[in-house]
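S.K.: Just a sequence and a predicted model for now, questions to come.
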Amino acid sequence: MRVALNPEQQAAVWHGDGPLLVLAGAGSGKTRVLTTRIARLIEEGLPPSRILAVTFTNKAAEVMRHRISSLVGHQPAGIWAGTFHSICARMLRIEAEHTDRSSAFTIYDESDSERAIKRAMEDADADPRRWSARGIRARISDAKNAMVSPAEYAAAAFDPLSRVTGEVYPAYERLLARCNAYDFDDLLLYAVRLLEDRPEVREHYGGRFAHVLVDEYQDTNHAQYRLVRALASVHGNVCVVGDDDQSIYGWRGADLRNILDFERDFPGTAVVHLEQNYRSTGAILQVANAVIARNRARKEKKLRTERPQGESVVVAALRDERAEAAWTVRKIEQLRVRHALGEIGILYRTNAQSRAYEDALRGADMPYRVVGGIRFYERREVKDVLAYLQLLVNPSDDGAFLRAVGWPRRGVGAVTLERLAAARAAAGGSLLDAAACAAELEGLPVGPARALVSFARDAAALRDLVSVASAADLAEECLRTFGLRAALEAEEDGEERLANVDELVAGMAAFAAEGAGIQAETAGSELERFLQHVSLLSDVDQYDQEEGAVSLMTLHNAKGMEFPVVFIGGVEEGLLPLGRSAETMEALEEERRLFYVGLTRAMDRLHVTHVSRRFRAGSAMPCFPSSFLDDLPEEAIDRRLSAVGGWRSGRWPRPVDSSRPGRGGRSDGFAARSAATRSSFTWRRDPAEVPESGPVYDYSESQEPLELLTGARIVHPRFGAGTVLSVVGDGRAAKARIEFDLEGPKIVLVAHAGLRPAP
DNA sequence: GATCGGTATTTTTTT
DNA sequence: AATACCGATC
């Protein structure tokens, strides 16, 4: 094994038994350390099956397996490598007999879960008008990630929402158990329970895995921490790798304390710091370091690079998102001589931002790939087909039943389903069972009863084939038997949907051909394995970096990647940091880390853009440069100003941030331009400046933020013309009190009102 | 019981 | 802008 490693990396690779914490800065070669360490263990004779490697995506696990095999010269057969979720799912399948679910369980994604919550709310008599299923789902998810049981939750619930949640939570749990289903959070939760409550299971896995290695440890939540702790309790050989500066999943329950307290939780921990960056130029790193240095909650460190200073980081101010996208594409065209398109990444905060880029790229005939957005497996038609298949594998799955029975239309509507649910409540069993006996149900008209019985009969017949037929054949059979193909053909935009369904079937065939997911330990039908496989796929897992295509993705999805050329768009107050996150320090710092993650993806060239106006939620919003841009070291950046956008003076007006003292504040919500204490820059005319096209609405003239000051004349789409009386709050929360000429005084939410300046 | 059309509500980020 | 939900009509 010959790999060039620096002394710190070597220390991590050669560290023997006992806990190891690797604090690895961006681009410091942490994946390399992890794979080399595993390769070393294997070369020393440890069977791969005794290693557990947790990665953040399935893709990362795949890459890791590949690298290990090229290091040791053979496939690391039997190694457990995957995400927390897929590893837990696997464990729950194997150990199904120790749980109250069978190994054919369904995995509910967020939308399945929300539907189930709605049904649980009915069971718990929670008023659906008063409480949103979405909100309750989020609460329950938080509780599960923190490993709070329904009883514990209810006991601590005092405010009204918590009380309702406390009632829905147990009903939801019963419903999931009845459906033989787990939601995403359950996979972690129940796996931990299995390990913590069953000594024989814990000893089995603890003994089996001689080494546990976890990547991206800064993004683990409490349940994941407990899982690591339980597995490591037997041998203590746990190696975690992470960077507190790259923790970006706090909103999903990730707890920074896991990494900050690691040394305390695992006594005798050896710590290795990797601060040598091998990825980025000096300028890029200088900018990134300056940005992250502003965070208070972090372990002090400074990444260094031996690479040359390189090109300055370009900061460009553009007029709107179209100009931003056009500018980006122009730049890419210039860079194309030196860089393959596959070396270029465009990153942004929200998926909605991809649209402008896609339009511009398409217009320029430039190939691109978008990671994320509307996911393939979340498309309506794909989910519909999956529901049928799910029902074959797991007939207890009421969610799948409801989805399947509702499409295509077969004369079974809400009323019939209501009666069916009532019958089931009395008799027990699943909705599918109840449907099979629908003929005996009193008060049910013949039509619906017949439809239900025949549906159940078809499902039972197909179910008999599950153990013998291939997944793809079963899918085809489903499409035919239930008339799905015919229904899609009859739909107006059915062609595309049909194509997606065909792609799904092709995917099943490919899955079988690759033998993917075939694990000696996980028996079960091919269909069963396929379904569990796809429900845990992430966007990134389906992403194949292509030589000839630009990559577009959110900053979150870009974690762990690198590109020679990076563009980060929409670096504006309210978008990055997003929404109200500037209001609390924790949220603001997480947004800053997200920006930092984006900056550190770049190897050679980095571009940051912001605009002065952007369409959001249907209306044009004024935009100001992100406060994150305040900290950029002038000597490492190159400012560009397009003539059709940006701010002409070297001063940036922006909404007053009341949480930051020292800025001039006005009660009306906006800083006067003269009060903005920005330093002056020299703006350069940008060579790639975008020519005007089409009618241009010169925003900077007609609707500067000052226009929203008291006395400004505006036009509201519904209420017509009016005069601004006052403005309270800022960003998305800004509310304006406006005296309308015809309707009198009203308070409107600026973000939603779609106000225009009066002509 | 289905379908259509209106209105209300909504947007982070993802396993 | 896009979707979900609700109510009215067929």
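M.R.: In hand now; what should we look at? Keep in mind that this is a model prediction, so the values were computed, not measured. Residues are numbered from 1 along each chain as shown, chains lettered A, B, ... in the order given.
S.K.: Would you verify that residue A:566 is located in a helix?
M.R.: No. Looking at residue A:566 with DSSP: H, G, I helix; E, B strand; the rest coil, it is strand, so not inside a helix.
S.K.: Disregarding residues adjacent in the polypeptide, which is nearest to it?
M.R.: Among residues not flanking residue A:566 along the chain, residue A:602 sits closest, at 3.7 Å (C-beta to C-beta, 6 or more residues apart in numbering). All C-beta atoms are positioned from the backbone trio N, CA, C, and that covers glycine.
S.K.: For the one you found, give me the pLDDT.
M.R.: Each residue has a pLDDT score; the one for residue A:602 is 96.
S.K.: Bridged to it, which residues?
M.R.: residue A:563 (DSSP bridges).
S.K.: Report the contact partners of it.
M.R.: A:279, A:280, A:284, A:562, A:563, A:564, A:565, A:566 (C-beta atoms under 8 Å, 6 or more residues apart in numbering).
S.K.: Same list (those) but as TSV, adding neighbour count and distance to DNA strand B.
M.R.: Formatted as TSV, these follow (neighbours: other C-beta atoms under 10 Å; distance: C-beta to the nearest atom of the strand, whole Å):
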residue	neighbour count	distance to DNA strand B
A:279	22	22
A:280	26	23
A:284	29	23
A:562	17	18
A:563	24	17
A:564	17	22
A:565	24	21
A:566	28	17
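S.K.: nearest to residue A:310, of those residues?
M.R.: residue A:284 (6.9 Å; C-beta to C-beta).
S.K.: which pair in the contacts of residue A:602 spans the largest distance?
M.R.: Across those (C-beta to C-beta), the longest gap, 12.8 Å, separates A:279 and A:565.
S.K.: Now the common contact residues for those two.
M.R.: In contact with both residue A:279 and residue A:565: A:602, A:603, using C-beta under 8 Å, 6+ apart.
S.K.: what about residue A:173, neighbour count?
M.R.: Using other C-beta atoms under 10 Å, residue A:173 has 17 neighbouring residues.
S.K.: Report the buried residues of stretch A:255-263.
M.R.: A:255, A:256, A:258, A:259, A:262 (16 or more other C-beta atoms under 10 Å).
S.K.: Next, the third one: phi, psi?
M.R.: Read it as residue A:258. phi -50, psi -40 (degrees, to the nearest 10).
S.K.: try the first one
M.R.: Main-chain dihedrals, residue A:255, degrees, to the nearest 10: phi -120, psi 110.
S.K.: Next up, the contacts around it.
M.R.: A:220, A:221, A:222, A:225.
S.K.: let's see it at 10 Å
M.R.: A:145, A:146, A:218, A:219, A:220, A:221, A:222, A:224, A:225, A:247, A:249, A:261 (C-beta atoms under 10 Å, 6 or more residues apart in numbering).
S.K.: Tell me the buried residues within the residues you listed.
M.R.: Applying 16+ other C-beta under 10 Å to those flags A:145, A:146, A:218, A:219, A:220, A:221, A:222, A:224, A:225, A:247, A:249 as buried.
S.K.: For residue A:528, state which of the residues you listed is nearest.
M.R.: residue A:224 (25.3 Å).
S.K.: these two touch, right, the closest one and residue A:212?
M.R.: No. Residue A:224 is beyond contact range of residue A:212, at 11.7 Å (criterion: C-beta atoms under 10 Å).
S.K.: Report the set of residues contacting both of these two.
M.R.: residue A:54.
S.K.: in the stretch 401-550 of chain A, what spans have low per-residue confidence?
M.R.: The model of the stretch 401-550 of chain A has pLDDT under 70 over residues A:492-493, A:515-523.
S.K.: Show me the helices in it, by range?
M.R.: A:414-427, A:431-436, A:446-463, A:471-481, A:484-490, A:494-514, A:526-535 (DSSP state H, counting those that start in this stretch).
S.K.: Give me the neighbour count for residue A:456.
M.R.: 21.
S.K.: could you measure the nearest residue to it once chain neighbours are set aside against residue A:293, distance?
M.R.: Nearest non-adjacent residue to residue A:456, counting by C-beta to C-beta, 6+ apart: residue A:436, 3.8 Å away. As defined by C-beta to C-beta, to the nearest Å, residue A:436 lies at a distance of 66 Å from residue A:293.
S.K.: just residue A:491 next, same as before
M.R.: With C-beta to C-beta as the criterion, residue A:491 and residue A:293 are 55 Å apart.
S.K.: give me the number of residues near residue A:417?
M.R.: 18.
S.K.: Quick check: it touching residue A:441?
M.R.: No. Here residue A:417 lies out of contact with residue A:441, judged by C-beta under 10 Å, at a distance of 11.9 Å.
S.K.: Common neighbours of those two, please.
M.R.: Common neighbours of residue A:417 and residue A:441 (C-beta under 10 Å, 6+ apart) are A:435, A:448, A:452.
S.K.: pretty sure residue A:630 contacts residue A:294?
M.R.: Yes. If you go by C-beta under 10 Å, residue A:630 and residue A:294 touch, sitting 8.7 Å apart.
S.K.: Residue A:620 belongs to a strand, doesn't it?
M.R.: Yes. Per three-state DSSP, residue A:620 lies within a strand segment.
S.K.: out of the contacts of residue A:255, which one sits closest to residue A:575?
M.R.: Of the contacts of residue A:255, the one sitting nearest to residue A:575 (C-beta to C-beta) turns out to be residue A:249, at 18.9 Å.
S.K.: Quick check: the nearest residue to residue A:494 once chain neighbours are set aside vs residue A:497, distance?
M.R.: In space, residue A:494 comes closest to residue A:488 once its chain neighbours are excluded; the distance is 4.5 Å by C-beta to C-beta, 6+ apart. From residue A:488 across to residue A:497, the span is 5 Å (C-beta to C-beta).
S.K.: Residue A:148 now?
M.R.: Applying C-beta to C-beta to residue A:148 and residue A:497 gives a distance of 41 Å.
S.K.: How about residue A:30?
M.R.: 42 Å.
S.K.: In three-state terms, label residue A:143 for me.
M.R.: Assignment for residue A:143 (three-state DSSP): helix.
S.K.: Skip the chain neighbours and tell me the closest residue to it.
M.R.: Nearest to residue A:143 is residue A:153, by C-beta to C-beta, 6+ apart, at 5.1 Å.
S.K.: same deal with residue A:511?
M.R.: Using C-beta to C-beta, 6+ apart, the nearest residue to residue A:511 is residue A:530, at 5.3 Å.
S.K.: Please name the residues that touch that neighbour.
M.R.: A:386, A:389, A:393, A:470-472, A:474-475, A:504, A:507-508, A:511-512, A:516-517.
S.K.: State the number of residues packed around the residue of chain A at minimum distance from DNA strand C.
M.R.: Taking C-beta to the nearest atom of the strand as the measure, the point where chain A comes nearest DNA strand C is residue A:618, at 3.5 Å. As a burial measure, residue A:618 scores 8 neighbours (other C-beta under 10 Å).
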